[in-house]
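Undergrad: Need a 3D model of the following:
(2 chains)
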Amino acid sequence: MLADGFLLARLPATLWYLIMSLGGFVQKLLGLLAAVALAQSAAAAESLSFDGDALRMSDAAPVVLTPARLRQPQSQAPASVTVIDRELIEASGAREIYQLMQLVPGMAALKVDGNIPTVSYHGTQARDVRRMLVMIDGRSQYKPGLARVLWNDLPIEIEDIERIEVTRGPASAAYGANAFQGVINIITRHPDDVVGTTLAARQGNNGVRDWRVTTAAHGDGKSVRLTVAEKSDDGYDGTYYDDDPLVMRDVAMRDAKRIKNINLRSAFDLGSDDTLEFLAGGSESGLQRLTEDSDFYEVLEVYDAPDEHAEQAFAQMIWNHRFSAKHELKVQAYAQYNSNNLAFGGCAKLPGGAADSTGAVLFSKEMRDLYEANGRDINATIAQLGSSPEIGARFGALVGATSEPLCADFDLRLQEERYDLEIQDTIYIDEYARLVVGGNLRHDRGYSKTYTNGVVENVSQRLFGNLELHLADPLYLNLGGYWERDERNGRYFSPRTSLIYEFMPSNSLRLVASDSIRSMDLYEDAADVHLYPTRVNEPYASDPVGLLGQDRVEFFIVQTSHGELTPERIRSREIGYFGRYRSVEWDIRVYDEELRDLVSGSLSPFNFDPENDGEVDINGREVQLSWRVSARHLLRATGAHRHTDANNKPELRLASRNSASLLWRWDINDNWMFSTSRYLGSDYNKLRYERTDGQITWKARLSDSEVMIGALVQHDLTNNEVVFEENVYRDDTRYWLSAAVTF
Amino acid sequence: MKQGRLTLMLVLLLFASAVMAEAPLSYAIYGPGGRAQDIFSTSLQTQLGNRANRDALSPDLIVALGPVALNSACESGIPVVATQVDSQQILAMRAQGCLCVAVFSHADPAVQFSLQKTLLPRARRVGVLLSSETQHLLPLLKRYADTTQVSLLVEEVSDSEPLSSALAKLLARVDVVIALPDKNIFNADNARLLLMAGYRQGKPIIGPDDHWVRAGSLAAAYIPSENLIETFSAVMTQFQRTRKLSGDRYPAFDVEFNESVAEAFSIKTPDDEALRELGGDQ
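TA: A predicted model of the protein is given here:
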């Protein structure tokens, strides 16, 4: 049936008529000619240069396009996909993009490290989450220096998102390394679809203060959208009891944040077969960090609490060329820059002591020597502080020379750059076969005095392809593969095979086997950690040799990667069922995943364990259900149940056995909308997470303007902290009011 | 004998009136000319057979293709059957004293509303784009919307409100768009913008005709060429017999449905029965 539709829709108009007229009469044939001629004379749609195939080739249509880089009905996609469209985004009431991921079955989306969100599919580690690729308009948000996605700093506002496609399951066969457990593909609103200027503001408790300006302009074959926005909140604003022996008191969480971003997207029609898009933007964020949570807390009496400052910028160009209705080329190039700086200041002290001149020994040559002699074991080194004669001599020299503690600032800075060029060619071979092939060239560059002691680079070349074969009417085969070679990780090939049996329209069973890798980032491969303080006080700044035994003030801890880490690997097997009946749509996924060669240990300067010794086995099942009950009611539910086995504890932190979400949207009338949702995670770091949201909005046209007013309440149903003890809200309920006017 | 003569006279009279009644209609075709008009003329003549003959010098009736031809034809004072015109144009000409009727080449917008209801029964907000050419349809469209129990949302395209802007405003507020036969809006130049925007935002477009369906709109009721010719033939034959023009006519329509687009929008393919219930003979 569908194949017939494909065929018929692509037939030239005249041939279509001929088929319709087969066995007909001469006058019918003449009638057909007359119709064609009439249409021509009217210069009407018959001369449309745009045809149905063009839509199938484009990124526009509301089918999924992420799993295989091909536009496919969800029932024929070679993976489980969760689509979050604007209707769902509105209904969720989400203020930050990461919160939308709570609507994805099996996805953990939480603020784990104070104000820093963690989003992890089949969550394993709570920190250092680096096993999923995130893209915005095809641009990777996965950072090359320290492998991670900075959800706070995504240079896009939630209101500018058209839809998000989440491919659940390894997808390196389509996107290469780091699409390890899945891909989140964020597609922003086309400037053609945005109209006028919108002024929006939001304010609530928990320090929520946001504003946004979006404006769009349209011309003949060109359009542009620009958004400038800022958002801020107080983060976890409660207090917690820190039972660390060095703290042992109530601590007020310090994780407020302020984020500004700017995003521009412009589109130009260059004739009927070419479009050019130019995108640019950036963000700037300031995040408070908790002193007591810092690795330096034991050895610094902090006078300038840590703040993290980040800046991002990007420029992107996308050119689409249509050779024919069945052949299209896409060329994409982008450059992006990221700078992160964790800055704080303090005076050195010995663990358990107070800041005085003896603390300066931690910056001495003798301390470094002892540290090296102990095989860079920090605890062993600290333990020998009192027994080492060399350290004792240094203590004496310091106490005799000055009573001033060594005080300084630290700027732990990392700059990352990525330059990426990709060419993708999509061909409809015939109604039974479609092929996408392409190549990618990428240059990653990292610079840090702290983490890599200079510039570290990586150049990679990639080739990819995906072939979709319509073997028989109900049977589809997808073969995909991604070959890549980079200077630091070597050569790898990531394959995926999927067989889809569409036993009735929009109902299909799928079998998927896929392998993916996560390549080692620049830091993992070439870490060379040196902690050089800045703005060191006197007399240490002017006489480091005399006071500290070395010509430069440097903390005793250094770390070096051995450079022999290999990429992490995942092998996934899945059976899925996508179905649709009337207004109900569901997807069920049963899977088994083996994760090997995981770098499970911490790689912080104070706890550096770069080994491929982690292993995790995950199996489970997931379901997502969407039911359009009536024109005004939408119900959506997700659930996930899984078993996780790991050979180390950190990989189990976000391994919640059960998680679920439930959402109801009710469009009361054309002006009022009510929505409510509930989110559950049974055991994140053994803590239950449960929250319910309620939202009501009013929207109306007043003269030439559209006005929106809304209120949202988030209420925690559990009194637990979130994942870690310090993540506590002062109030179980957070709320905010929103207003926007578009003119 | 007298009775025999009377019978003969009656027979002759009947024969003469029959001959007179079936005298071929002479007609002329006004239009933009070119191949399109030639093919239309040929097919119409084939359909009419010996019931009518082309006679450009002293026609009984003029067939007008398009509004310009309609204007010219009306100036002649001869009855006119026009196509490729809209209801406003034909009403305006009639108001000026023109004896004319239309055989519409597009389906009645009411049918597009019914089609929308059949395909998307849960859609509650239906949008239309109007230009100066179609603004007069608004009261009618409101009535159709009331009949099918949907909310009608309208954006007007004008010099001060370009299509891209009006379209973006409309798509943000509706579930589906019904495209009217308005060449100011639904023309080849705008196809990409209209269809792509609808796709991106998950808002299907219904109408305006089969060509647009092949280009990517979801479905449309349209007038097949043979139906148009048949209706023309019927109107002209009736004129030949009665020397009177009937009212405006919508030929019987067909429905074109794009299964690929429907799949993309997760819309179930309608069964033939459901489409038949729309009724094809207007």
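
Undergrad: quick one: the residue of the stretch 101-250 of chain B found nearest chain A from A:Thr197, how far?
TA: The stretch 101-250 of chain B approaches chain A most closely through B:Ser225 (2.8 Å), counting by Cβ to the nearest Cβ. All C-beta spots, glycine's among them, are computed from the backbone N, C-alpha and C. From B:Ser225 across to A:Thr197, the span is 47 Å (Cβ to Cβ, to the nearest Å).

Undergrad: what about those two, which has more around it?
TA: B:Ser225 (27 against 15; other Cβ atoms under 10 Å in any protein chain shown).

Undergrad: Return the per-residue confidence for the more buried one.
TA: pLDDT for B:Ser225: 88.

Undergrad: how about it, phi and psi?
TA: Backbone torsions of B:Ser225, given as degrees, to the nearest 10, read phi -60, psi -40.

Undergrad: What distance do you get for it to B:Asp248?
TA: Distance, B:Ser225 to B:Asp248, using Cβ to Cβ: 19 Å.

Undergrad: and the residue of the stretch 201-350 of chain A found nearest chain B, how many neighbours?
TA: Nearest residue of the stretch 201-350 of chain A to chain B (Cβ to the nearest Cβ) works out as A:His218 at 3.8 Å. Look at A:His218: counted by other Cβ under 10 Å, it has 21 neighbours.

Undergrad: Also the one 5 residues further on?
TA: The number of residues packed near A:Ser223 is 25, by other Cβ under 10 Å.

Undergrad: likewise the one 3 residues further on?
TA: Residues lying near A:Leu226 (other Cβ under 10 Å) number 20.

Undergrad: my guess is it meets A:Arg212, correct?
TA: No. The criterion here is Cβ atoms under 8 Å, and A:Leu226 misses it with A:Arg212 at 11.2 Å.

Undergrad: Give me the common contacts of those two.
TA: Counting by Cβ atoms under 8 Å, 6 or more residues apart in numbering or on different chains, A:Leu226 and A:Arg212 have no common neighbour.

Undergrad: secondary structure element for the closest residue to A:Gln141 other than its chain neighbours?
TA: Spatial nearest neighbour of A:Gln141, chain neighbours left out: A:Val134 (4.3 Å); criterion: Cβ to Cβ, 6 or more residues apart in numbering or on different chains. Counting by DSSP states H and E, the element that carries A:Val134 is strand A:133-136.

Undergrad: again, but for B:Gln89
TA: Per DSSP H and E: helix B:87-95 holds B:Gln89.

Undergrad: Direction included, what does whatever helix or strand comes next after that helix pair up with?
TA: Toward the C-terminal end, the helix or strand that comes next after helix B:87-95 (DSSP H and E) is strand B:100-102. Partners of strand B:100-102 in the sheet, by DSSP bridges, are strand B:80-83 (parallel).

Undergrad: mind giving me the domain split of chain B?
TA: With domains defined by automatic domain parsing, chain B comprises B:2-102, B:109-222+B:254-276.

Undergrad: Would you reformat those domains as a markdown table and include mean neighbour count and mean pLDDT?
TA: Listed next are these as a markdown table, based on neighbours: other Cβ atoms under 10 Å in any protein chain shown; pLDDT from 0 to 100:
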| stretch | mean neighbour count | mean pLDDT |
| --- | --- | --- |
| domain B:2-102 | 17 | 82 |
| domain B:109-222+B:254-276 | 21 | 89 |
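
Undergrad: In the stretch 501-650 of chain A, what residue lies closest to chain B?
TA: A:Ala631 (4.1 Å).

Undergrad: So that residue versus A:Asp670, what's the distance?
TA: As judged by Cβ to Cβ, A:Ala631 and A:Asp670 stand 11 Å apart.

Undergrad: coming back round to it: just put the domains of chain B in JSON lines and tack on distance to A:Asn453.
TA: Below are the domains of chain B laid out as JSON lines (distance: least, Cβ to Cβ, whole Å):
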{"stretch": "domain B:2-102", "distance to A:Asn453": "76"}
{"stretch": "domain B:109-222+B:254-276", "distance to A:Asn453": "47"}
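
Undergrad: now the strands for chain B?
TA: In chain B, the strands defined using DSSP state E lie at B:25-30, B:52-54, B:61-65, B:80-83, B:100-102, B:125-130, B:151-156, B:176-178, B:205-206, B:219-222, B:254-257.

Undergrad: ok, back up a step: tell me which strands and helices the strand holding A:Val134 is in contact with?
TA: The contact analysis (3 or more Cβ pairs under 8 Å, 6 or more residues apart in numbering or on different chains; DSSP states H and E) places strand A:133-136 against strand A:182-188.

Undergrad: Mind checking what helix or strand follows the strand it packs on in sequence?
TA: Following strand A:182-188 in sequence order, the next helix or strand is strand A:197-204 (DSSP H and E).

Undergrad: after that next one, next one along is what?
TA: For strand A:197-204, the following helix or strand on the C-terminal side (DSSP H and E) is strand A:209-219.

Undergrad: neighbouring strands for that following strand, and are they parallel or not?
TA: Partners of strand A:209-219, by DSSP bridges, with direction: strand A:197-204 (antiparallel), strand A:222-233 (antiparallel).

Undergrad: Contacts only, for the spatially closest residue to A:Ala229 that is not a sequence neighbour.
TA: In space, and not counting its chain neighbours, A:Ala229 is closest to A:Arg212: 3.9 Å by Cβ to Cβ, 6+ apart. By Cβ under 8 Å, 6+ apart, A:Arg212 lies in contact with A:Glu157, A:Glu159, A:Thr198, A:Leu199, A:Ala200, A:Ala201, A:Thr227, A:Val228, A:Ala229, A:Glu230, A:Ala740.

Undergrad: Quick one: residues contacting the residue nearest to B:Ser151 when sequence neighbours are not counted.
TA: Of all residues not flanking B:Ser151 in the chain, B:Arg125 sits nearest, at 4.9 Å (Cβ to Cβ, 6+ apart). For B:Arg125, the contact set (Cβ under 8 Å, 6+ apart) comprises A:Asp670, B:Val150, B:Ser151, B:Leu153, B:Arg173, B:Val174, B:Asp175, B:Val176.

Undergrad: Looking at those, which one is closest to B:Asn53?
TA: B:Val176 (47.3 Å; Cβ to Cβ).

Undergrad: quick one, phi/psi of the nearest residue to that closest one once chain neighbours are set aside?
TA: Among residues not flanking B:Val176 along the chain, B:Ala123 sits closest, at 4.6 Å (Cβ to Cβ, 6+ apart). With angles defined as degrees, to the nearest 10, B:Ala123 sits at phi -70, psi 130.

Undergrad: Might one say that B:Ala123 is in contact with B:Val177?
TA: No. B:Ala123 is not in contact with B:Val177 according to Cβ under 8 Å; the separation is 10.1 Å.

Undergrad: before we move on, back to that, of the domains of chain B, give the one that comes closest to A:Ala325.
TA: Of all those, it is domain B:109-222+B:254-276 that lies closest to A:Ala325, at 10.6 Å by Cβ to Cβ.

Undergrad: hmm, back to that, then the strand holding A:Val134 to CSV, C-alphas only?
TA: Backbone C-alpha positions of strand A:133-136 (Å, rounded to 0.1, in the frame of the first residue of the first chain) are rendered in CSV as follows:
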residue,chain,number,x,y,z
LEU,A,133,25.7,12.9,21.4
VAL,A,134,23.7,16.1,21.4
MET,A,135,23.3,18.1,18.2
ILE,A,136,21.6,21.4,17.4
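
Undergrad: Could you measure from the residue nearest to B:Ser151 over to B:Ala166?
TA: Between B:Arg125 and B:Ala166 the computed distance is 16 Å (Cβ to Cβ).

Undergrad: got the residues of the stretch 251-400 of chain A near chain B?
TA: Residues of the stretch 251-400 of chain A lying close to chain B (Cβ under 8 Å from any Cβ of the partner chain) are A:Asp269, A:Ser272.

Undergrad: low-scoring stretches of the stretch 251-400 of chain A, by residue?
TA: Scanning the stretch 251-400 of chain A for pLDDT under 70 picks out nothing.
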